[in-house]
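Student: How does the following fold in three dimensions:
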Amino acid sequence: MKERKDWPVIVIGGGPCGIAAAAELKKKGIESLIIEKGAVTESIRQYPKRMTFFSTAENIEIAGIPFPTSNVKANRNEALQYYRKVAQYFDLKFQLNTGVEKIERFEDVFTVFTSKGNFTSRYVVVATGYFDKPRLLNIPGEDLPGVSSYYKEPYAHSFQKVVIVGGGNSAIEAALELYRHNVDVTMVVRGPDLKPTAKYWLVPDIQNRIKEGKIKVIFNSEAKEIREGEIDITLSNGDIQTLPADFIYMLVGYLPDAGFLKACGLNPNPESLLLDFDETTYESETEDLYLCGTILAGIHTEKVFIENGREHAKAIAIAVAEKMESVLND
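Tutor: Okay, the predicted model is just below:
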């Protein structure tokens, strides 16, 4: 789509919510360009290969297109196929592998500056999510080669020692799969228990593996420093314990990119990263710039999902269509 530089609407982010926004706009006869710095649904592509969604398939449907699946809950591969097919059905336009650097508004036109040239539009929808920016603990060694914030599959770690920092869904799923592939797993959890938001079908499994001693967990502990082959953790009594580790997964969550939001002319709260927006239209503090999906949750990323974001997309499409009609009538 490099030939065309001016669009009625530009959607930033090619995940489920960005696709939903573009599809809802298309249903109202409004063309848009989705600019995505990776592939289509890049965030889902980065998920663990055997991941199953928490929500049922019908709750992650978008644009009124049914999500066919052999199970109640969809897995990663099914989701990748589904969202691609929705994009194909609506003949959505993409500018892929293109990073957005900043957005500027002059009079009533936005200029979107990207790694592959500038694009202009009358309206912009920001649907960038958060999965590409891991939450950092800012400890020494966090950037070493043997440390990652993304878990995909177990095979690289068989017959080795892996430490997982975190106690939520990502950490639990990784621990269970690693254990079942001959990995010596230790979880380091800051609180007194695993997160209460854990997928309910995983809870009995992980609890039984912990009771059997097949997965080791150190509660009320925090990662302090990482060195090649080991990690120091702080225990509840203040003591330091060193754990051997061939690899370390820091699965402690993800955050919206505050720097990117500021480059879009937005003003995220310094602590919560929440943005000001109209709760009916999802228009941001910048006129004609809309917010869709988990970008609205700030640091509380567990509060907004695809099933929320698809409703944002519908409201945004209505608001943009009404504005465009008003401009035409004037």
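
Student: average pLDDT across stretch 36-52?
Tutor: Stretch 36-52 shows a mean pLDDT of 90.

Student: and what of stretch 174-183?
Tutor: Mean per-residue pLDDT for stretch 174-183: 96.

Student: could I have that stretch exported to CSV, CA atoms only?
Tutor: These are the backbone C-alpha positions of stretch 174-183, laid out as CSV (Å, rounded to 0.1, in the frame of the first residue of the first chain):
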residue,chain,number,x,y,z
ALA,A,174,5.3,-22.0,30.9
ALA,A,175,6.1,-23.8,34.1
LEU,A,176,3.7,-26.7,33.3
GLU,A,177,4.8,-27.1,29.8
LEU,A,178,8.5,-26.9,30.7
TYR,A,179,8.0,-29.5,33.5
ARG,A,180,6.4,-31.9,31.0
HIS,A,181,9.4,-31.6,28.7
ASN,A,182,12.1,-32.7,31.3
VAL,A,183,12.9,-29.2,32.5
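
Student: roughly how far is that stretch from the heart of the chain?
Tutor: 24 Å (Cα atoms, centre = their mean, to the nearest Å).

Student: who's in contact with it?
Tutor: For stretch 174-183, the external contacting residues (Cβ atoms under 8 Å, 6 or more residues apart in numbering) are 48, 50, 151, 153-155, 157-162, 164, 185, 187, 202, 205-206, 209, 214-215, 249, 251. C-beta here means a position set from N, CA and C on the backbone, and glycine is covered the same way.

Student: Now restrict those residues to buried residues only.
Tutor: Buried residues within the contacts of stretch 174-183, counting neighbours by 16 or more other Cβ atoms under 10 Å: 48, 151, 154, 157, 161-162, 164, 185, 187, 202, 205-206, 209, 215, 249, 251.

Student: Now for the nearest residue to residue 289 once chain neighbours are set aside: which residues touch it?
Tutor: Counting by Cβ to Cβ, 6 or more residues apart in numbering, residue 289 lies nearest to residue 124, which is 4.8 Å off, once chain neighbours are set aside. By Cβ under 8 Å, 6+ apart, the residues touching residue 124 are 9, 10, 11, 12, 103, 110, 112, 264, 288, 289, 290.

Student: What strands line up against the helix or strand where the first one lies, and which way round?
Tutor: Element membership of residue 9, judged by DSSP states H and E, is strand 6-12. Using DSSP bridges, the neighbouring strands of strand 6-12 in the sheet come out as strand 32-35 (parallel), strand 117-126 (parallel).

Student: Deepest-packed of those, please.
Tutor: strand 32-35 (a mean of 25; mean count of other Cβ atoms under 10 Å).

Student: what sits up against that one?
Tutor: In contact with strand 32-35 (Cβ under 8 Å, 6+ apart) are residues 1, 4, 7-14, 18-19, 21-22, 25-26, 92-95, 98, 100, 112, 114, 119, 121, 125.

Student: Show me what the helix or strand following it is packed against.
Tutor: Downstream of strand 32-35, the first helix or strand assigned by DSSP H and E is helix 42-45. Applying 3 or more Cβ pairs under 8 Å, 6 or more residues apart in numbering; DSSP states H and E, one finds that helix 42-45 contacts helix 76-89.

Student: For the helix it packs on, which outside residues touch it?
Tutor: With Cβ under 8 Å, 6+ apart as the criterion, helix 76-89 contacts 15-16, 19, 22-23, 40-41, 44-45, 47-53, 57, 60, 62-63, 65, 67-69, 74, 94.

Student: can you do 7 Å?
Tutor: Taking contacts as Cβ atoms under 7 Å, 6 or more residues apart in numbering, the residues outside helix 76-89 that touch it are 16, 19, 23, 40-41, 44-45, 47, 49, 51, 53, 62-63, 65, 67, 69.

Student: and if you look at stretch 310-318?
Tutor: With Cβ under 7 Å, 6+ apart, stretch 310-318 has contacts from 17, 20-21, 24-25, 28, 62, 125, 280-282, 290, 292-293.

Student: Show me the helices in this structure, by range?
Tutor: 16-27, 42-45, 76-89, 169-179, 203-211, 258-263, 306-329 (DSSP state H).

Student: Contacts only, for the residue nearest the centre of the chain.
Tutor: The centroid of the chain falls nearest to residue 131 when counting by Cα atoms, centre = their mean (3.1 Å). By Cβ under 7 Å, 6+ apart, the contact list for residue 131 reads 43, 46, 254.

Student: Tell me the buried residues within those residues.
Tutor: Buried among the contacts of residue 131 (16+ other Cβ under 10 Å): 43, 254.

Student: so who does residue 40 touch?
Tutor: Contacts of residue 40 (Cβ under 7 Å, 6+ apart): 14, 83, 84, 87, 94, 96.

Student: among the residues you listed, who's most crowded?
Tutor: Compared across the contacts of residue 40, residue 14 has the highest neighbour count, 28 neighbours, by other Cβ atoms under 10 Å.
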